[in-house]
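Visitor: heads up, no residue letters with this:
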């Protein structure tokens, strides 16, 4: 492409990027203002009295650490559980031939098409009857089941790409299936596992509905639930504090994304581009 | 992971492999995921269909009523409004996201390193939670102190209530959703554009075709399937999205931003009569399964 064309493309995309990032930059700017400057009108981008007091307030808020650890526990727990069950199923799908395999894999794929919103009513009723509302384990299991169908298919595809010869060689040397999976296959598909795990972590971290409906108890709240609750705070919204809280609540996933954007993008496009 | 670490050495040479190792039991490997999906996904799916044909009081089931719930819900004025909102919301957002995603992917093509850096920046919104997206935009769209109000006033437009305006709220929701999700379409389209063989473009230019001819005859046929699958995937996302609506409008003003999924959420937590919510759940379920089936067929994950 000629230089004029490139200049045009560059200008257009840079402008688009600036526009897209504007709400994020504006939130950042507000988060460093004091409460009075935040609602100054007309607004200014640079705070007259820049302050980190909103962030101090976020980190010293009595429930903050609890909410943070809930977010971490749910997302890490769900990803580990989903990976564990999916590696097993994905390996079997890739390496074993048996009757009904295709049908089984199709049903697993089909479950990913069942939207979690359609299961709110029945799941709520089930958990209520069983006395399982507000359970950490239940939130982890539900989130893991949400990730599992896609993870099984990813694992199968990754393991398909591992040459079977090295497994046969190990087997002749007397290695058992579990040893082969743990010591041979898993290390080889590590990049794929990482990509899948990152997508899963971001999904569960960002989830609000599952936690708020199935674990409404104060002690079970995540950062996302706490964030939404502040919008409905009857005391009125402090915009600068709210922006600081929102930024803190999304910082882990944004950093995770930036650090691993190559894996993230390959995880996004995996299996969805016909080719 | 006990299966992976267990059985170290002992007895593993007892069943030497002939072709494949000593009679693998595939169902055992599948058991954990099957149990997980049966309890968390499949059983509740059956249960919601069953609840939708029961008479209910709050969460209590009081007996079979056939399709009476469906008749009541599907003929109600509220359902009409929910359907209208859901449809407008999904289709309008697609109408913004697909062209913007495609054009930005095409522009990105020629930018090399700069393109990669900008792509990361553009993807940041997609990694944000609906709660964070909602809070950011609630602030920008604030009718008293918001940046958008300031921008509009400085060009002489009176912005009014914005998210509080029944004629405007749904369109602002479309705008915010497009902001959050267009980069997903961009990434998908980028991958598709990159998969087009270079020789084909060269063949067109040897035949005297310009860039437009190259796009119509080479790029478009290659990327059209991806455009379709992206549209289906995003429709599912939009149709089932709830949190953004909760934060931005709470379904209002006067129900103008309530969708099927939002209505299901509201009635689940408000402990009203649950069977109408079950009917709406089944509606969302059926529409989603249809879109999902289309997606699977389209992306060719299942051959014919």
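Guide: Perfect, I can see it now. All figures in this text were calculated on a predicted structure; none of them were measured in a lab.

Visitor: got any ranges where the chain has weak pLDDT?
Guide: If you meant another chain, say so; for now it's chain A. Residues of chain A that meet the criterion pLDDT under 70 lie in A:1, A:234, A:270-275.

Visitor: ah, I was thinking of chain B
Guide: In chain B (pLDDT under 70), the answer is B:1-23, B:300-304.

Visitor: Apply 50 and report the result again.
Guide: B:1-21, B:303-304 (pLDDT under 50).

Visitor: Just want the residue of the stretch 151-300 of chain B that's nearest chain A.
Guide: Ranked by Cβ to the nearest Cβ, the top residue of the stretch 151-300 of chain B for proximity to chain A is residue B:292, at 3.0 Å. For glycine as for every other residue, the C-beta is placed from the backbone atoms N, C-alpha and C.

Visitor: what sits against that residue?
Guide: Neighbour list for residue B:292: A:110, A:112, A:113, B:232, B:236 [criterion: Cβ atoms under 8 Å, 6 or more residues apart in numbering or on different chains].

Visitor: give me that answer again for 6 Å
Guide: residue A:113 (Cβ atoms under 6 Å, 6 or more residues apart in numbering or on different chains).

Visitor: so it, which of the three states?
Guide: Under DSSP: H, G, I helix; E, B strand; the rest coil, residue B:292 falls in the helix class.

Visitor: ok, now how distant is the residue nearest in space to the middle of chain B from residue B:282?
Guide: When Cα atoms, centre = their mean is applied to chain B, the residue found nearest the centroid is residue B:237 (1.1 Å). Distance of residue B:237 to residue B:282, given as Cβ to Cβ, to the nearest Å: 20 Å.

Visitor: Also residue B:223?
Guide: Counting by Cβ to Cβ, the gap from residue B:223 to residue B:282 is 35 Å.

Visitor: Which element, helix or strand, includes residue 264?
Guide: Picked chain A for this. According to DSSP states H and E, residue A:264 maps onto helix A:261-269.

Visitor: try again with chain B
Guide: Using DSSP H and E, residue B:264 falls within helix B:260-269.

Visitor: same question, residue B:56
Guide: For residue B:56, the host element (DSSP H and E) is strand B:54-57.

Visitor: What residues sit buried inside that strand?
Guide: Neighbour-count burial for strand B:54-57, counted by 16 or more other Cβ atoms under 10 Å in any protein chain shown, picks out B:54, B:56.

Visitor: and after whichever strand or helix holds residue A:27, which helix or strand comes next?
Guide: Applying DSSP H and E as the criterion places residue A:27 in helix A:3-31. Moving toward the C-terminus from helix A:3-31, the next helix or strand (DSSP H and E) is helix A:35-38.

Visitor: Show me which residues of the stretch 51-200 of chain B are close to chain A?
Guide: Selection of the stretch 51-200 of chain B residues close to chain A by Cβ under 6 Å from any Cβ of the partner chain yields B:59, B:107, B:110-111, B:118, B:120-122, B:127-129, B:131-132, B:135-136, B:139-140, B:145, B:147, B:150, B:187, B:191-192, B:195.

Visitor: Inside strands: which ones of the residues you listed?
Guide: Using DSSP state E, no member of these sits in strands.

Visitor: What is the burial count for the residue of the stretch 51-200 of chain B found nearest chain A?
Guide: Nearest residue of the stretch 51-200 of chain B to chain A, counting by Cβ to the nearest Cβ: residue B:129, 3.4 Å away. Neighbours of residue B:129 under the rule other Cβ atoms under 10 Å in any protein chain shown: 27.

Visitor: Neighbours of the nearest residue to residue A:189 once chain neighbours are set aside, how many?
Guide: Leaving out its chain neighbours, the residue that sits closest to residue A:189 by Cβ to Cβ, 6 or more residues apart in numbering or on different chains is residue A:158, at 4.1 Å. By other Cβ under 10 Å, 24 other residues sit near residue A:158.

Visitor: Can you tell me how far the residue in the stretch 151-275 of chain A that chain B sits nearest to is from residue B:297?
Guide: Nearest residue of the stretch 151-275 of chain A to chain B (Cβ to the nearest Cβ) works out as residue A:206 at 3.4 Å. Between residue A:206 and residue B:297 the distance is 29 Å, computed by Cβ to Cβ.

Visitor: Who has more neighbours out of these two?
Guide: The neighbour comparison of residue A:206 against residue B:297 (other Cβ under 10 Å) goes to residue A:206, with 23 against 14.

Visitor: Ramachandran coordinates for the closest residue in space to the more buried one that isn't next to it in sequence?
Guide: Take residue A:206 and drop its neighbours on the chain: the residue closest to it by Cβ to Cβ, 6+ apart is residue B:129, 3.4 Å away. Torsion angles at residue B:129 (phi, psi; degrees, to the nearest 10) stand at phi -70, psi 160.

Visitor: residue contacts, residue 68?
Guide: In the absence of a named chain, chain A is used. By Cβ under 6 Å, 6+ apart, residue A:68 has no neighbours at all.

Visitor: gap between it and residue A:57?
Guide: For residue A:68, the distance to residue A:57 - Cβ to Cβ - is 15 Å.

Visitor: what comes up buried for stretch B:34-54?
Guide: Of the residues in stretch B:34-54, B:34, B:36-37, B:40-42, B:44-45, B:47-49, B:51-54 count as buried by neighbour count, 16+ other Cβ under 10 Å.
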